[in-house]
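Peer 1: Quick check, what structure comes out for this input:
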Amino acid sequence: MKTVYTNVNILNGTKDMVLQENMMLTVENGRIVSIEEAKDTTANNIIDLQGKYLIPGLINLHIHTPGTGFPKKKESDSTKLAKLIMSNKLLQQIGKMICRSALKTELLSGTTTVRTVGGLGHFDSQLRDEINGGKSIGPRVFSCDSAVTIPGGHMEGSVAYGAHSIKEFEKFIEANAKANVDWIKLMITGGVLDAKVRGEPGEVKMTAEQVKACCDKAHSLGLKVCAHVESTKGIVIALENGVNTIEHGAAMNDEIIELFKQKNAALVCTISPAIPLAKFDPAISKATEIVLYNSEVLLEGILSGTKKCLENGIPVGLGTDTVCPFITHYDMWRELEYFHKLVGVSRNFALHTGTLINASILGIENETGSIEVGKSADFIVVDENPLTFGFSTIRKPYLVHFKDQQYLQPKIKKNEICERELDNYLATL
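Peer 2: Model (predicted):
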């Protein structure tokens, strides 16, 4: 069916985008078939958008589906909880329902493509196939399924598997490939929440030999590799041994920049998860003194490393690391705003990054990421210009369009505490 959206202002997501005012966009069979100045039309299905703003659907390169990110009254053991969920078929169905809801929320908030980077079993790939088959509502999904690390490594036992030997690493990657994952995820270093000492948020866990074996196996199977890395030493090990995208990051030197260039690798910047732990009152975030200190170290490392990559022409993408504390499945717009305000890029470039650059990191820049004829009809309609009034204009989309599906004024369950505390922080910037 052909649908014409008229009287709309378009920001197309390309690097040199300029506002195209009073335009008409036509969608047919899930594709953008024309973009032109608004005019009279005899089309049967016409939607007058009354001067609203149309932008590409956002792309989130770093999410975890098992959870919401909502603050908890009482801390739970994620390893025990994951083991419980996977213990029988009934609980697995409940776990998958949580993940399914997460993906639906991503889409209805305006994120039309996600990459899941560590989950429960093969839920994410199975849900991707459900969505592609029209059996559930969700965005375009690139799945890693469960990540892999060493015993005692970051998130081992919850969204990561602990391998004891090179052979076991390789066997795990082969099993994920058989489940038809899109990427392989490694947990090379530790993280803020599992660090035991001050100043060490990214203790190296995996050896260079282990990383190389994983990357070689993944690449031989046609799969790219992303890796959780939160230290300078960890970035060097990752890049030297074949990792394609560094997730999170840390302070970087000239040696690392050269490695990025030599390996044609990219950085995925995740500012969002560090904010609550580094900047909120510990009474609210429940961060210990060590977590608070290390979160500040990590945030500074992410920001400085991101700036150095941008200064040297290294591709930088964006992700939220949902479901870290206070990081929800509906707040990708905040990552764009942080990128603008804390890294210092223009809002034009932030929008370009959260759409077309993210698409290019996934290798789908010819399919989505910008508003161009021939591409998938993945877009959001909002009331005000996000480049003028900020990305908070995206928090309540008037319309979300994904392929051939249209969601008018979608309703999303939000957490009041998350909204209040994150808004309070943004107001300080």
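
Peer 1: Excluding chain neighbours, what is closest to T306?
Peer 2: Sequence neighbours aside, C269 is the residue nearest to T306 in space, at 4.6 Å (criterion: Cβ to Cβ, 6 or more residues apart in numbering). The C-beta positions use only the backbone N, C-alpha and C, and glycine is treated the same way.

Peer 1: What is the neighbour count of the nearest residue to T353 once chain neighbours are set aside?
Peer 2: Distances taken as Cβ to Cβ, 6+ apart put L318 closest to T353, at 5.6 Å, once the chain neighbours are dropped. L318: 29 surrounding residues under other Cβ atoms under 10 Å.

Peer 1: any idea how far L318 lies from V148?
Peer 2: 24 Å (Cβ to Cβ, to the nearest Å).

Peer 1: likewise D182?
Peer 2: D182 is 15 Å from V148, where distance means Cβ to Cβ.

Peer 1: who's more crowded, these two?
Peer 2: More crowded of D182 and V148, by other Cβ under 10 Å: V148, with 26 against 19.

Peer 1: pretty sure the more buried one contacts V181?
Peer 2: No. Here V148 lies out of contact with V181, judged by Cβ atoms under 8 Å, at a distance of 11.3 Å.

Peer 1: between the two, what contacts are shared?
Peer 2: Here V148 and V181 share no contacting residue, scored by Cβ atoms under 8 Å, 6 or more residues apart in numbering.

Peer 1: ok so, going back, can you spell out which residues form a bridge with the residue nearest to T353?
Peer 2: Applying DSSP bridges to L318 gives these bridge partners: C269.

Peer 1: Give me the three-state assignment for E337.
Peer 2: Judged by DSSP: H, G, I helix; E, B strand; the rest coil, the three-state class of E337 is helix.

Peer 1: can you pull the pLDDT of A43?
Peer 2: With respect to pLDDT, A43 scores 85.

Peer 1: Got the domain ranges for this protein?
Peer 2: For the chain, automatic domain parsing gives the domain ranges 2-56+369-420, 58-362.

Peer 1: now, of those domains, which is deepest in the fold?
Peer 2: domain 58-362 (a mean of 21; mean count of other Cβ atoms under 10 Å).

Peer 1: what distance separates it from the centre of its chain?
Peer 2: 8 Å (Cα atoms, centre = their mean, to the nearest Å).

Peer 1: In terms of secondary structure, what does the lowest-mean-pLDDT helix or strand in the chain contact?
Peer 2: One helix or strand of the chain scores below all others by mean pLDDT, DSSP states H and E: helix 78-85, with a mean of 92. Helix 78-85 is packed against helix 89-108, with contacts defined by 3 or more Cβ pairs under 8 Å, 6 or more residues apart in numbering; DSSP states H and E.

Peer 1: helices and strands around the helix it packs on, which ones?
Peer 2: Right, helix 89-108 is packed against strand 58-63, helix 78-85, helix 123-132, strand 399-402 by 3+ Cβ pairs under 8 Å, 6+ apart.

Peer 1: What angle do strand 58-63 and it make with each other?
Peer 2: Interaxial angle, helix 89-108 versus strand 58-63 (axes from the mean of the first three to the mean of the last three Cα atoms, to 10 degrees): 150 degrees.

Peer 1: Can you check the distance spanned by stretch 131-138, start to finish?
Peer 2: 6 Å (Cα to Cα, to the nearest Å).

Peer 1: Then stretch 202-216?
Peer 2: One end of stretch 202-216 sits 23 Å from the other (Cα to Cα).

Peer 1: Just the mean pLDDT for that stretch, thanks.
Peer 2: 97.

Peer 1: Tell me which helix or strand the residue nearest to S285 when sequence neighbours are not counted sits in.
Peer 2: Ranked by Cβ to Cβ, 6+ apart and with sequence neighbours excluded, the top spatial neighbour of S285 is P276, at 5.0 Å. Using DSSP states H and E, P276 falls within helix 274-279.

Peer 1: which strands and helices sit next to that helix?
Peer 2: Short answer (3+ Cβ pairs under 8 Å, 6+ apart): helix 274-279 packs on helix 282-285, helix 289-311, helix 416-426.

Peer 1: Please identify which of those is closest to C214.
Peer 2: C214 lies closest, by Cβ to Cβ, to one member of the helices and strands packed on helix 274-279: helix 289-311, at 22.6 Å.

Peer 1: Would you mind checking the average pLDDT for the closest one?
Peer 2: Helix 289-311 carries an average pLDDT of 96.
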